[in-house]
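S.K.: 3D model of this:
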Amino acid sequence: MRHSPPYSVPRTSYWRAMALAACALLAAAPLAAQYPAEVRGRVMETGSGAAVAGARVEVIGGSLATITAADGGFALRGVLPGRRELRVTAFAHRERTVAVDAENGRTAWVAIALQPRVLALDPVAVRAERAAPGATSIGRAEIEASGAVDVADVLRAVPGVTVTREGGRGAPARISIRGSAADEVLVLLDGVPVNSALSGDADLSTLPAGVVERVTVIPGAQSARYGGRALAGVVSVETRRPRGAELGMMASAGSWGVRAAGGSLGGARRTAAGDASALASAEWRSTRGDFRFDVPDFRGGGTAVRANGDAESLSLFASAGLARGPRELRARAEGFAVERGMPGPIGQPSPAARQEQRRIAAGFSARGPLLGLEWTADVDAQRQTAEYTDPHPPLGTPYDDEVRATGAGAALSASGGTGALTLTAGGELRAVRFRSGMLAEGAPDGQTLGAAWAQARWSAAVGGWTLDVTPGMRADWNTLLRGAAVSPRLAAVAARGQVAVRGAVGSAFSPPSLADQFFHEGVLVRPNPALRPERVRLEGEGGMDVRDLPLGRAVVEAGFTAFRADVDDMILWFPDHLFVWSPSNFDVRRSGWEAAARARLPGAALGGSVSHAAVEYDSPALRGQVAYRPRWTANASGSAGVAGFGVELRARYVGERRSVGGSALNTLPAHWLADAALTRGFRAGAWRGDARLEVQNLADANAAMLVDYPYPGRGWSLGLRLRREPRAPGARRAVTPNLES
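M.R.: Coordinates of the predicted model:
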C-alpha cells in the first residue's frame, strides 16, 4: 500500500496556494517599488493672485528644476516618492520653500504664493515691477494708489512708452513704444485685441482703470507670440478677478467739471463643485473739458477756450470663477460707452462734431491638466460701434458716419515638458465683420485670421548662472493679405544672484489699416489700396537688470536696455506735388536705449527713467526724425509718508518733436509736466477708506504732444474711496497709511 508523504498537499490545494501567493506579490509590488512621481502646480503673487512667469522651481537636494510658463504653471517629472521640498525663486519676489508629498506614480498638485520684494506705500506708492525680463507689470495695488482713471494714466511712467492724449480728461489717448506709431502696438484685453478694425490703433481712454487687475507692457518685436500689430510691443490688460468678499464705493470731483462715481460688489463661497466667486462693478465719469490754453504763435497767438471738449462715459464689468485644485473656469463680460465732443484741431475747430463709442464683450476661459499636459482654452465675442457726426464742419460737407464691428475668436494651447525643457504650442482663429459709411465702395466687409505658434523654454544651471533660453515662432494667415507671415524670435536670460543679463532677436509685422486703404477720397486727401504691410526683418535688443541691491539704508533696482530695429515699409502720410495727402510706405531705422532705477528707503521711495529713441527715415529724399516722435523722454517720481499722510510727486518729460515730416520747420519745444498728490487713509467702523487730493500740471505749463491738441493747465481733483473687506483667516491686516519693507 502506497502512503503519501507526511507534508504533501493535494494538487488542487497546491495550485490554489500558488495563485494566492502570486496575487499577494503583485499587490505588494507597487508598495515596495519606487515609481517616479510628478509634481505640478502654479506660482502666483500674494495678494493680487497674478501669475508669476519665469520663476525657477527646483527640488532641494536634487537636480530637477524647471521654469514657470506665462500662466505661472510648472511641471516636475521624475520626482522620487516621499516628502520633498521645493525652492521657488523669481525676479522681484521673495524666495520661498514649500513641502510636497510625492506618491508612487501619482501626480501631486501645489499652489505656491510668492511675496513681491517691493516697498508698499499704502495708499500712494506707485511702482512698476518687472513681471519677466524685459517686461513691465503694474498690479492692482499700484493702479489704485496712483489715482489712474484709465489705462493711459497707468502707462504714463513706463520706460520707453509715450502716451498721446488729444486734450484733457476723457479725450482719446493712444500709445507709442520706442517711437512707434499707435497701430504698431497690439493692445489685448484678457487676450482679446481691442485695436480698431478700421484704424488699427487702440484708444486707451476706453479702458477704465477701475476694472483692471494688471497691465503688462512687453516692448519689442513680439509677433512670434502675439501676431500682427505687435511690431513694437504688446500691452496686455487683465481684468479684475473675483477673490473674495468685497464692497467698495468711490467718488471724485475736480476742475473743468470732472465728476466720477462708482462701486463694486463681490463674494466667494466654497461649494461641492469647487471655490466659486463673482464680482461686479460700475463706474460713471463726466467732464466739461472747457479749459483755457495758449495758442501757438504760428496759429495766431493769444489765448482761447477749448470748446466742445466734454465727455461722459459709463463702464460695466462682471466676472465669475470656479476653481478646484489646478482646474479653473472663468466667465467675464464688460461694456463701455462714451459720448464726447470732437473739438478738432485748434487751427480749424469743430464746435459741433460729436462722437459716440460703445463696446460690449464677453469671454469664457478654462484651464487645467489633461493627458499629462497643461491646457488653456479661451473663447470670446465682442461688438464695437462708433458714430461720428458734424452738421457744420469747418471744411467739407456735413457727415453722419457709423462704424460697426462684430468679432469672435477662439484659442487653444497646451504646455508640457520634461526636466529643464518645456514646450508650449497653440493656435487661434478670429473672424471680424464690419460695416462703415467711412469706407469707399469695394472695401472688404470683414476678415478672418488664423495662427499657429510654438514656444520652447529650456533652463539649466551653468557655472553658477541660471540660463533660460526661449525660442519661438508663429505663422499668421489673414484673408486680406497674401500668403502667411512667419515671425521667429529667440530670447535668452542669464541670472546670477541679483543680476540678470538678457538678449533677444526677432521679427514682426503690422498689416495696413483699412482706414488708410479704403477711406472715402476727399478734399486734398486720397486713400492708398496698394499699401504693403509694415515689417521688422530683424530686431535686436539686450539689457541687464539688477534687483534688490542694498546701498546703505536703500534697496535699489535698476535696468538698462538697448535696441535696434529696421522697419521696412512703415506707413506714413505725405503730400504729393499737388499737395494731396495720402499714406505711403517708407523705410525707417529705429534705435535707442532705456534706463530705469528705483530706490526703496525706510518710509520713502524714489524712481526714474530715461529713454532715447531715434526714429529716422532711411531714404535719399527724406532725412531726420519722423514727425511727432520725441527722441528723449523721461520720468521721475518720489513718495513718502509724512505725519500720517502719503505724499507723492511725479514728473514727465517729452523732448522736441518735429511736426512736419522730413523737416525741422515748426518744431515743438520740449516740456515737463508735474503732478502732486496727498493721501490720507482712515477707518470708520468696518470700512477702510482713503482720501486723495491731486494737483495736475503743478507748474501750469503750456504743453501739447500734438500741435493742435493742447493739454489743460493746472487742475485739481479730490477723490474718496471706501471699501469693506472682511478679513480672511490668515490675511494680513491693512492699515493706512502704512510703510512696509
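S.K.: ok, Ala664 - contacts?
M.R.: Gly624, Arg658 (C-beta atoms under 8 Å, 6 or more residues apart in numbering). The way it works is simple: take the backbone N, C-alpha and C, and place the C-beta from them, glycine included.
S.K.: meant to ask about Phe586, not that
M.R.: Contacts of Phe586 (C-beta under 8 Å, 6+ apart): Asp569, Met570, Ile571, Leu572, Tyr617, Asp618, Ser619, Leu622.
S.K.: which stretches in the chain count as helices?
M.R.: Applying DSSP state H to the chain gives helices spanning 11-32, 140-146, 151-154, 223-226, 514-518.
S.K.: how about Pro193, what does it touch?
M.R.: Taking C-beta under 8 Å, 6+ apart, one finds Leu186, Val187, Arg229, Arg430 in contact with Pro193.
S.K.: redo the contacts of Phe586 as TSV? Include pLDDT and neighbour count.
M.R.: Below are the contacts of Phe586 laid out as TSV (pLDDT from 0 to 100; neighbours: other C-beta atoms under 10 Å):
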residue	pLDDT	neighbour count
Asp569	94	18
Met570	95	24
Ile571	94	24
Leu572	93	17
Tyr617	94	19
Asp618	91	15
Ser619	83	11
Leu622	86	17
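S.K.: let me know whether Glu103 touches Val39 as I believe.
M.R.: No: using C-beta atoms under 8 Å, Glu103 is not in contact with Val39; the gap is 10.3 Å.
S.K.: wait, Glu387 touches Glu356, no?
M.R.: Yes: between Glu387 and Glu356 there is a contact at 4.6 Å, judged by C-beta under 8 Å.
S.K.: quick one, what contacts Phe509?
M.R.: With C-beta under 8 Å, 6+ apart, Phe509 has these contacts: Ser223, Gly228, Leu231, Asp476, Ala485, Ser487, Pro533, Glu534, Arg535, Val536.
S.K.: same thing with Glu541?
M.R.: So Glu541 contacts Gly134, Gly220, Gly503, Ala504, Val505, Thr561, Ala562, Phe563, Arg564 (C-beta under 8 Å, 6+ apart).
S.K.: again, only this time at 10 Å
M.R.: Each residue near Glu541 by C-beta atoms under 10 Å, 6 or more residues apart in numbering is listed here: 134, 178, 219-221, 491, 502-506, 561-565, 593-594.
S.K.: so what's it bridging to?
M.R.: Ala504, Phe563 (DSSP bridges).
S.K.: and the pLDDT at it?
M.R.: Note for Glu541: predicted pLDDT of 96.
S.K.: give the buried residues for stretch 411-422.
M.R.: Ala411, Ser413, Ala414, Ser415, Gly416, Gly417, Gly419, Ala420, Thr422 (16 or more other C-beta atoms under 10 Å).
S.K.: inside strands: which ones of these?
M.R.: Ala411, Ser413, Ala414, Ser415, Gly416, Gly417, Thr422 (DSSP state E).
S.K.: what is the nearest of those to Arg240?
M.R.: Ala411 (21.0 Å; C-beta to C-beta).
S.K.: please name the bridge partners of that closest one.
M.R.: Asp378, Glu428.
S.K.: wouldn't it be in contact with Asp380 here?
M.R.: Yes: assessed by C-beta atoms under 10 Å, Ala411 is found in contact with Asp380 at 8.5 Å.
S.K.: number of residues surrounding Ala337?
M.R.: By the measure other C-beta atoms under 10 Å, the count of residues near Ala337 is 16.
S.K.: which neighbours do Glu387 and Glu356 share?
M.R.: With C-beta under 10 Å, 6+ apart, Glu387 and Glu356 have common neighbours Glu339, Glu402.
S.K.: got the contact list for Ala411?
M.R.: Ala411 touches 191-192, 365, 376-380, 426-430, 451, 453, counting by C-beta under 10 Å, 6+ apart.
S.K.: please identify which pair of the ones in strands among the buried residues of stretch 411-422 lies farthest apart.
M.R.: Most distant of these, by C-beta to C-beta, are Ala411 and Gly417, 20.2 Å apart.
S.K.: quick check: bridge partners of the nearest residue to Leu329 once chain neighbours are set aside?
M.R.: Distance criterion C-beta to C-beta, 6 or more residues apart in numbering; nearest residue to Leu329, sequence neighbours excluded, is Leu322 at 4.7 Å. Note on Leu322: beta-bridge partners by DSSP bridges are Ala276, Leu329.
S.K.: remind me which residues of the stretch 501-650 of the chain are low pLDDT?
M.R.: Across the stretch 501-650 of the chain, nothing is flagged by pLDDT under 70.
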